[in-house]
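**Q** Below are the sequence and a predicted model; questions follow.
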Amino acid sequence: QVQLVESGGGLVQPGGSLRLSCTAPNGTFSNHAMGWFRQAPGKEREFVAAISWTGGSTHYRDSVKGRFTIARDVAKDTVTLQMNSLEPEDTAVYYCAADRWGVAQAMNVKTVDYWGQGTQVTVSS
């Protein structure tokens with residue numbers, strides 16, 4: 001069992017930036033593809049970004065390409081999501097996810113093995 005803990009959410013104005021972090025305080029996700037998903041009120045949870053075990057391959061949903069960057073520090077077992085040029089439509093609870101032996105390009109809600117508790121991101125003026 002891998003416990004995932006997110007941090008870094010908050011309230012930001014449109015055009016602003018936030019950086020989300022995910023750690024595994026009681027284990028490691030070194031052999032997992034890692035990703036970020038989000039869920040807005042009344043909507044289904046959706047894929048945002050994923051990164052491979054080594055960090056060499058990434059995958060993004062179209063609406064965040066060029067604005068969001070996912071990265072991982074293998075030595076520190078940390079995954080981050082840098083979010084720039086935020087829009088009101090990015091408002092949601094963001095979840096860190098781990099897919100054991102998974103492929104970043106194929107990551108979706110059905111392939112995730114472990115979820116974090118979520119962190120709220122609100123983009124509003």
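**A** Thanks, I have the structure now.

**Q** Report how many residues lie close to residue 10.
**A** The local packing of residue 10 (other Cβ atoms under 10 Å) involves 12 other residues. Every residue, glycine included, has its C-beta placed from N, CA and C.

**Q** Now for it: which residues touch it?
**A** 18, 120-122 (Cβ atoms under 8 Å, 6 or more residues apart in numbering).

**Q** Can you pick out the most distant pair from those residues?
**A** Largest separation among those by Cβ to Cβ: 18 and 120, giving 10.6 Å.

**Q** More neighbours: which of those two?
**A** For residue 18 versus residue 120, neighbours defined as other Cβ under 10 Å are more numerous around residue 18 (20 against 12).

**Q** Okay, and the beta partners of the more buried one?
**A** residue 83 (DSSP bridges).

**Q** So for residue 28, what's the pLDDT?
**A** Per-residue confidence (pLDDT) for residue 28: 80.

**Q** okay, now the closest residue to it other than its chain neighbours: neighbour count?
**A** Residue nearest to residue 28 in three dimensions, not counting chain neighbours: residue 77, with 5.3 Å by Cβ to Cβ, 6 or more residues apart in numbering. Counted with other Cβ under 10 Å, the neighbours of residue 77 add up to 17.

**Q** quick one, what contacts residue 77?
**A** Here residue 77 is in contact with 23-24, 28-30 (criterion: Cβ under 8 Å, 6+ apart).

**Q** Please apply the same query to residue 59.
**A** Here residue 59 is in contact with 49-51, 104-105, 107 (Cβ under 8 Å, 6+ apart).

**Q** Quick one, which of those residues are buried?
**A** With burial judged by 16 or more other Cβ atoms under 10 Å, the buried subset of the contacts of residue 59 is 49-51, 104, 107.
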